[in-house]
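Engineer: predicted model and sequence below, questions to follow.
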Protein chains: 2
Amino acid sequence: MRRLDSATPQFQDQLKALLAFETSQDPQVDTRVAEILHHVKTRGDDAVVEYTNRFDGTSAGTMADLELTQDELKAAFERLPDARRDALTAAAARVRSYHEHQKMASWSYRDEDGTLLGQQVTALDRVGIYVPGGKAAYPSSVLMNALPAHVAGVPEIIMVVPTPRGERNDLVLAAAYVAGVSRAFTIGGAQAVGALAYGTATIPQVDKITGPGNAYVAAAKRAVFGVVGIDMVAGPSEILVICDGGTDPDWVAMDLFSQAEHDEIAQAILLCPDAAFIERVEASIARLLPTMPRQEIIAASLAGRGALIKVANLAEACEIANYIAPEHLELSVADPDAWLPSLRHAGAIFMGRFTSESLGDYCAGPNHVLPTARTARFASPLGVYDFQKRTSLINVSEAGAQKLGRIASELAHGEGLTAHARAAELRLK
Amino acid sequence: MRRLDSATPQFQDQLKALLAFETSQDPQVDTRVAEILHHVKTRGDDAVVEYTNRFDGTSAGTMADLELTQDELKAAFERLPDARRDALTAAAARVRSYHEHQKMASWSYRDEDGTLLGQQVTALDRVGIYVPGGKAAYPSSVLMNALPAHVAGVPEIIMVVPTPRGERNDLVLAAAYVAGVSRAFTIGGAQAVGALAYGTATIPQVDKITGPGNAYVAAAKRAVFGVVGIDMVAGPSEILVICDGGTDPDWVAMDLFSQAEHDEIAQAILLCPDAAFIERVEASIARLLPTMPRQEIIAASLAGRGALIKVANLAEACEIANYIAPEHLELSVADPDAWLPSLRHAGAIFMGRFTSESLGDYCAGPNHVLPTARTARFASPLGVYDFQKRTSLINVSEAGAQKLGRIASELAHGEGLTAHARAAELRLK
């Protein structure tokens, strides 16, 4: 695993190279996706069924064969072993409870002329949740996407989840049941995104699509952005651990593993002012790695994109963290509150030695859909606010129209927009 | 101007056709923009200067020639006629005051185990404001983009505004001064978007780019989305007037004109249950149109995309409005409060007969950057919240780690993510 030192002259360049990630789109994927979207838009259900049979190795006759009933979702939930069902229910309750705090409320006020100004907050009518299938089927993602929509008050939540060769994941179906999904279809890929964006005879058109997916899903979401809303185009997972040297090195090593195991191109970085502690973490990594079922993925990720970085002190660690703007930031130090004000950019901050990132992935409460690839500089975790929108409210009183009309008229003439000016002037006495 | 009646069987199809707007991107524009962005990314200032000289007919030697100083912005403000300067100042004060209400605050709470959960809200570090130049130079757009950023607490606001043939618009420069723009460059097009997204030796890299522009600007914003945040890709302006027949028909006609005058493809629609009133509005349109300086644009817009629609009643008008999800919605009725709860999708609602849409464009307070092309189904006005972002906070107590660790472990094993499970289990006693 790469060892860097912030005191060396080449450090800035090394850090930049470490973070560089080619996010550029593949033109071939874009072309293929455009074709799929066109067919879904023009041929509807038929196209979705054909693509699904072709790409997922299924043999559906009609779209109806690709819909999961509420009974099937419920049965999947009831089939789960008790411990798993309880864990899913407990996680959902905590996630729901946290997200209740995010609900936006309408507001308004009147100015001195009696003019009302405000903002009305409403939920989206209908949203689509994309859930990956196959080996990367994560029921926790169902909770993290559907629950905020549910808390927001979205009346209809449509889930799509591909089932390659017809293999259904009970835990995914159970999560859909727990999270209050309205309808679910076993479709995926660009064809599922297209079906949600344009609607078909069977699949209702949604207003927004959220959830992770492969390169085709990401390209399709980009392409339909504008027709519907989308959440974000997620990159590989990242963890940045800031440690003062006082945490059990095994804990730190395992926390780094827990992002690295997602993907060979996931990124795990440690910032620490204590060189001896870095050695101990390195030893823990060497000892624990062979015990991990996904050791090959972890090893590839750590070797390719990981780093153990010696820093001057925790203040410098926070500065570097702000530059990295990581998806997950562990502040594994004695007094995390003291350092919090120094941190400006991160998807989520896991404070204190007991807060492993994995607790946040499943059940602490906050969302695990977080901005990646330095986008925490401007983007936020998925939340209830992503499923609500605002409408400005203006009710100008007759007195207000006299005052505002003169200002608007003056500026509209300045912009050469005479009808704007006249519309204001007509309301003047 | 098109006359429709919601009682006719063909109405739904007519409405759908009326709203259809081809938002698809032009592949040739995309290719040209990709080339410009590549040159700006790799050659920096030199490329920006070359493109600016070529496209804007200027003869700058270096990037320094293309920067406006704070003194130049201030001088432009001071050169304005008194009435215009006062109007600009008054509008800015009202817009600022409204947007203060939008500021998000951080929050947190502790659960029964002492675990802290919350969300930290911070401002973006640096944003770029794109302001169109030439004939469509709107100083009000400078206020509407820069002021929310300023209220959010963004320390650096970088404005770009092309000055074709070197022509500067004093009102735009003055607005930049009033709105607290940090630095301003006389560049535009895809090259300006690229410079802001990637940074050059002279132009600092920003975290988000907002503001309207032509097809090249829109394509460039789409292309750099992910490297930086963007606001939205705006379509042509729209107004939907719901009138009960009690408003002066001249007022309604002029309000329709005030969107139609923006653009031949702008859209102005009236919904009214009173056929006689619709006739009177039509007569007002015929009488007033010849008096408008931009009558050709207005006539083209009304003929091509406008409509006067007879509806059964105001309840139906609200239903149709929700389908249209207009950018601007005038509720020009006796009791607008009574109908507000029926309206779910609109960028802004202008309530009551005195609230002309143009008051909102300039000085009522709310933002005039609003979702177009039915995107109000899922999108919101530009606001302070677009220049703030959230970071989840989690500080799990030792007791909390015992409870949450068991839940996370159970679910992580269910997803086959052993390192996630082990990271939680290591914290168990």
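Structural biologist: Arrived safely.

Engineer: restrict stretch A:58-67 to CA atoms and write it as CSV.
Structural biologist: What follows is stretch A:58-67, C-alpha atoms only, in CSV (Å, rounded to 0.1, in the frame of the first residue of the first chain):
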residue,chain,number,x,y,z
THR,A,58,-35.2,-14.3,-18.8
SER,A,59,-38.2,-15.5,-20.8
ALA,A,60,-41.0,-13.1,-20.0
GLY,A,61,-44.0,-13.1,-22.3
THR,A,62,-45.4,-9.7,-21.3
MET,A,63,-44.6,-6.8,-18.9
ALA,A,64,-47.1,-8.4,-16.5
ASP,A,65,-44.6,-11.3,-16.0
LEU,A,66,-42.0,-8.8,-14.9
GLU,A,67,-44.1,-7.2,-12.1
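
Engineer: next, the buried residues of that stretch.
Structural biologist: By neighbour count on 16 or more other CB atoms under 10 Å in any protein chain shown, the buried set for stretch A:58-67 is A:58, A:60, A:63, A:66-67. All C-beta atoms are positioned from the backbone trio N, CA, C, and that covers glycine.

Engineer: check stretch A:34-51 too.
Structural biologist: Neighbour counts over stretch A:34-51 (16+ other CB under 10 Å) mark A:34, A:36-37, A:39-41, A:44-45, A:47-49, A:51 as buried.

Engineer: closest to A:A17 out of these?
Structural biologist: A:A34 (33.4 Å; CB to CB).

Engineer: thinking again about what came up before, need the buried residues of stretch A:34-51 in TSV (columns: pLDDT and secondary structure).
Structural biologist: TSV is the format used below for these (pLDDT from 0 to 100; DSSP: H, G, I helix; E, B strand; the rest coil):
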residue	pLDDT	secondary structure
A:A34	94	helix
A:I36	98	helix
A:L37	97	helix
A:H39	98	helix
A:V40	98	helix
A:K41	97	helix
A:G44	98	coil
A:D45	98	helix
A:A47	98	helix
A:V48	98	helix
A:V49	98	helix
A:Y51	98	helix
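
Engineer: of these, which is the nearest to chain B?
Structural biologist: Nearest to chain B, judged by CB to the nearest CB, of those is A:A34 at 9.7 Å.

Engineer: for that closest one, which non-adjacent residue is spatially closest?
Structural biologist: Excluding its sequence neighbours, the residue lying closest to A:A34 (CB to CB, 6 or more residues apart in numbering or on different chains) is A:A223, at 6.5 Å.

Engineer: report the secondary structure state of the residue lying closest to A:K389 once chain neighbours are set aside.
Structural biologist: Distances taken as CB to CB, 6+ apart place B:S380 nearest to A:K389, at 4.7 Å, with adjacent residues excluded. Recorded secondary structure, B:S380: coil (DSSP: H, G, I helix; E, B strand; the rest coil).

Engineer: wait, doesn't B:S380 sit right on A:F387?
Structural biologist: No: B:S380 lies out of contact with A:F387 (CB atoms under 8 Å); the separation is 11.9 Å.

Engineer: who's more crowded, the two?
Structural biologist: Set side by side, B:S380 and A:F387 show more neighbours around A:F387, with 29 against 23, by other CB atoms under 10 Å in any protein chain shown.

Engineer: mind listing what A:S237 touches?
Structural biologist: A:S237 makes contacts with A:259, A:262-263, A:266-267, A:327-328, A:372, as judged by CB atoms under 8 Å, 6 or more residues apart in numbering or on different chains.

Engineer: now render those as CSV, adding secondary structure, distance to A:E316 and neighbour count.
Structural biologist: CSV is the format used below for these (DSSP: H, G, I helix; E, B strand; the rest coil; distance: CB to CB, whole Å; neighbours: other CB atoms under 10 Å in any protein chain shown):
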residue, secondary structure, distance to A:E316, neighbour count
A:Q259, helix, 23, 31
A:H262, coil, 28, 24
A:D263, coil, 29, 17
A:A266, coil, 25, 26
A:Q267, strand, 20, 29
A:E327, coil, 21, 29
A:H328, strand, 20, 27
A:T372, coil, 24, 25
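
Engineer: and the host helix or strand of A:V127, what does it pack against?
Structural biologist: For A:V127, the host element (DSSP states H and E) is strand A:126-130. When contacts are defined as 3 or more CB pairs under 8 Å, 6 or more residues apart in numbering or on different chains; DSSP states H and E, strand A:126-130 sits against helix A:139-152, strand A:156-160, helix A:189-198, strand A:208-210.

Engineer: so which of the buried residues of stretch A:58-67 sit within strands?
Structural biologist: Counting by DSSP state E, the part of the buried residues of stretch A:58-67 found in strands is A:E67.

Engineer: correct me, but A:I297 touches A:E264?
Structural biologist: Yes: counting by CB under 8 Å, A:I297 touches A:E264, with 5.7 Å between them.

Engineer: where does A:S24 land on pLDDT?
Structural biologist: Note on A:S24: pLDDT of 59.

Engineer: if we can go back for a sec, pick the one among the buried residues of stretch A:34-51 closest to B:P164.
Structural biologist: Taking the buried residues of stretch A:34-51 together and measuring to B:P164 by CB to CB, the closest member is A:A34, at 34.3 Å.

Engineer: distance of A:N395 relative to A:T115?
Structural biologist: 7 Å (CB to CB, to the nearest Å).

Engineer: oops, could you answer that again for A:E398 instead?
Structural biologist: Distance from A:E398 to A:T115, by CB to CB: 10 Å.

Engineer: more neighbours, these two?
Structural biologist: It is A:T115, of A:E398 and A:T115, that has more neighbours when counted by other CB under 10 Å, with 25 against 14.

Engineer: chain center to stretch A:164-179: distance?
Structural biologist: Centre-to-centre, stretch A:164-179 and its host chain are 20 Å apart (CA atoms, centre = their mean, to the nearest Å).

Engineer: and the one helix or strand A:A299 maps to, what other elements does it pack with?
Structural biologist: Taking DSSP H and E as the definition, one finds A:A299 inside helix A:295-305. Packing partners of helix A:295-305 (3+ CB pairs under 8 Å, 6+ apart): helix A:249-260, strand A:267-272.

Engineer: and the next element down the chain from the last one?
Structural biologist: Following strand A:267-272 in sequence order, the next helix or strand is helix A:275-288 (DSSP H and E).

Engineer: could you find the closest non-adjacent residue to A:C272?
Structural biologist: A:C243 (4.9 Å).

Engineer: that neighbour against A:V333, yeah?
Structural biologist: Yes: contact between A:C243 and A:V333 holds when scored by CB under 8 Å: they sit 6.7 Å apart.

Engineer: which of the two has more neighbours?
Structural biologist: Using other CB under 10 Å as the criterion, A:C243 and A:V333 rank with A:C243 on top: 25 against 21.

Engineer: for beta bridges, what are the partners of that one?
Structural biologist: A:C243 has these beta-bridge partners by DSSP bridges: A:S332.

Engineer: can you tell me how far it sits from chain B?
Structural biologist: Taking CB to the nearest CB, to the nearest Å as the measure, A:C243 falls 14 Å from chain B.
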